[in-house]
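1. got a sequence here, can you model it:
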Amino acid sequence: MLSVLLTTAHSWAGAHKHPAPPDTVTDPGYVFALAAATNFLHAWQTGDVENGMIPLSDNIRQTQNADKLEQFLSNGTSKANERAFEIARGHGHSGLYTFPVVLVAVRGSHATRKITEIVMIESGKNDWVVDKLP
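-> Predicted coordinates for the structure are as follows:
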């Protein structure tokens with residue numbers, strides 16, 4: 001009977017896989033990039049055009065239409081509490097990180113989700129800017 005219990009316990013233990021250990025973040029820049037991405041997305045969420053324009057890279061400023069950027073950041077006729085975002089663990093390397101993002105908005109009686117990403121690049125010592133809009 002004991003051997004059956006041990007065999008059963010061993011089989012059960014082997015059937016459950018342990019989760020992979022989390023990635024170790026060693027670059028302090030990751031924290032600054034994540035914070036800058038979160039701040040930018042918060043500006044988008046609240047319709048704060050002024051603070052949303054500040055962290056844009058020169059590349060975005062030169063290639064994107066200013067009116068479309070303002071429209072993206074502003075809430076237009078939407079209320080600030082009708083937009084939200086989800087940001088996931090980023091990947092990349094020192095000087096450049098990409099974060100998966102889901103933009104969520106209320107449209108009429110239902111919520112819409114846009115799955116995208118935001119790319120952050122270092123523009124100076126611990127200063128990060130958005131180089132690809134979500």
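
2. touching, residue 43 and residue 56? I think so.
-> No - the pair residue 43 / residue 56 is not scored as a contact, 10.5 Å apart, by CB atoms under 8 Å. Backbone N, C-alpha and C define where each C-beta goes, glycine included.

3. what sits against residue 41?
-> 85, 87, 101, 118, 134 (CB atoms under 8 Å, 6 or more residues apart in numbering).

4. next, work out how far apart residue 82 and residue 33 are.
-> 27 Å (CB to CB, to the nearest Å).

5. longest strand in the chain, please.
-> strand 110-124 (DSSP state E).

6. pLDDT weak spots in this protein?
-> 1-25, 76-81 (pLDDT under 70).

7. residue closest to the middle of it?
-> Per CA atoms, centre = their mean, the C-alpha nearest to the average position across the chain is that of residue 87, at 3.1 Å.

8. bridged to residue 104, which residues?
-> residue 84, residue 113 (DSSP bridges).

9. nearest to residue 107 among the contacts of residue 41?
-> residue 85 (15.5 Å; CB to CB).

10. ok, how many other residues are close to that closest one?
-> 20 (other CB atoms under 10 Å).

11. contacts only, for it.
-> 41, 44-45, 101-104, 134.

12. residue contacts, residue 35?
-> Residue 35 neighbours (CB under 8 Å, 6+ apart): residue 128.

13. can you confirm it is in a helix?
-> Yes - the assignment for residue 35 by DSSP: H, G, I helix; E, B strand; the rest coil puts it in a helix.

14. what ranges do the strands span in the chain?
-> 83-87, 91-93, 96-107, 110-124, 127-132.

15. would you list the ones you listed in a markdown table and tack on distance to residue 27?
-> Below are the strands of the chain laid out as a markdown table (distance: least, CB to CB, whole Å):
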| stretch | distance to residue 27 |
| --- | --- |
| strand 83-87 | 18 |
| strand 91-93 | 8 |
| strand 96-107 | 9 |
| strand 110-124 | 10 |
| strand 127-132 | 12 |
